[in-house]
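Q: kindly generate the corresponding structure for this input.
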Amino acid sequence: MRIGELAAIAGVTTRTVRYYHRVGLLPEPDRRLNGYREYGMRDAVTLVRVRRLVELGLSLDEVRDALDDDAGKSLTEILTELDADLARQETAIRKRRAALAELLERTSSGAGLGAEGPVSAELAALFAEMAQAGADRAGPEPAAAGKDRELLAMLEASTGPGHAEWFSALTGALSGDPGAMARAYEVYARFDDLAEADTDDPRIPELAAAMANTMPEGPTYAAVPSDDGTFAEAFFADFPPAQAEVLRRAAELLRERGRS
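A: Numbering: from 1, shown residues only. Model prediction:
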């Protein structure tokens, strides 16, 4: 058989056949006097097997192991691992589809995703409580409340070290007891008042202490930003100087609490 006939039998392209030769999956056949490769049935059997294993999701290295009885893992081991990996993917896909269904239901009901979305249903409910708390106050909602929602949305999806604990602490500060939201909004309003202040403003230490006191007892605050690290730089740079100073001092108070 010529290479085109072999490729047609196996359901692949001639380019694929040549690639499998280069990577060692398919042995190079002898060439005839005219220079053309001459393939036999054994080549067709091997090529079809390679194609089927690739379609199952095996990597080329795993296919090579499966084809070589004397090296690497056995085909049974490889297929068992592949089955377990596909099961994990299947579980992850089900979770993603459930989350998408929840988001679709939320948007179809007119709730929308919000400026910070998409977020989990639990966080969306907390954001709704925050929006109601802002609406219940005289005047516009403090800008700091919106910044906190952005931070919470980021932390919920973040895989950064300690961010899950930080997220838990922040949500606890807003929903720890019936008065938690009101205290948080009082701090937000005072924080907004420092937007144009200098870093030596006498209100800074008191507000930093008040901010730290809104956070729940129990969690360790090792992930709260300090002045080291690129994430911390970006975090503090997102605020005017006096507000950044409040956050630095509140963070240090929380880290001291965690060390004590």
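Q: only C-alpha atoms from now on, for both contacts and neighbour counts.
A: Noted.
Q: how about Arg31, phi and psi?
A: Backbone torsions for Arg31, taken as degrees, to the nearest 10, come to phi -100, psi 150.
Q: do the same with Arg37
A: Here is the backbone geometry of Arg37 (degrees, to the nearest 10): phi -70, psi 140.
Q: quick check: it touching Leu6?
A: No: the pair Arg37 and Leu6 fails to qualify as a contact (Cα atoms under 8 Å) at a distance of 10.6 Å.
Q: the two - which one has more neighbours?
A: More crowded of Arg37 and Leu6, by other Cα atoms under 10 Å: Leu6, with 23 against 14.
Q: which parts of the host helix or strand of that one are buried?
A: Assigned by DSSP states H and E, Leu6 belongs to helix 3-10. Buried positions in helix 3-10, judged by neighbour count with 16 or more other Cα atoms under 10 Å: 3, 6-7, 10.
Q: also stretch 185-199?
A: Residues of stretch 185-199 classed as buried: 185, 187-188, 190-191, 194-195, 197, 199 (neighbour count, 16+ other Cα under 10 Å).
Q: coming back round to it: what's in contact with the helix holding Leu6?
A: Identification of contacts with helix 3-10 by Cα atoms under 8 Å, 6 or more residues apart in numbering yields 13-14, 17, 37-39, 43-44, 47-48, 51.
Q: next helix or strand past the lowest-mean-pLDDT helix or strand in the chain?
A: Among the helical and strand segments of the chain, the one scoring lowest on mean pLDDT, DSSP states H and E is helix 75-108, with a mean of 78. Using DSSP H and E, the next helix or strand after helix 75-108 towards the C-terminus is helix 121-136.
Q: run the angle between that next one and helix 75-108 for me.
A: Here helix 121-136 points in a direction 20 degrees away from that of helix 75-108 (axes from the mean of the first three to the mean of the last three Cα atoms, to 10 degrees).
Q: off-centre distance for helix 121-136?
A: 24 Å (Cα atoms, centre = their mean, to the nearest Å).
Q: buried set for it?
A: 123-124, 126-127, 130, 134.
Q: present these as a markdown table; the columns should include pLDDT and distance to Val63.
A: Below are the buried residues of helix 121-136 laid out as a markdown table (pLDDT from 0 to 100; distance: Cα to Cα, whole Å):
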| residue | pLDDT | distance to Val63 |
| --- | --- | --- |
| Leu123 | 87 | 45 |
| Ala124 | 84 | 46 |
| Leu126 | 90 | 50 |
| Phe127 | 88 | 50 |
| Met130 | 89 | 55 |
| Gly134 | 83 | 60 |
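Q: in a markdown table, list those residues along with distance to Ala208.
A: Formatted as a markdown table, the buried residues of helix 121-136 follow (distance: Cα to Cα, whole Å):
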| residue | distance to Ala208 |
| --- | --- |
| Leu123 | 25 |
| Ala124 | 27 |
| Leu126 | 24 |
| Phe127 | 23 |
| Met130 | 21 |
| Gly134 | 22 |
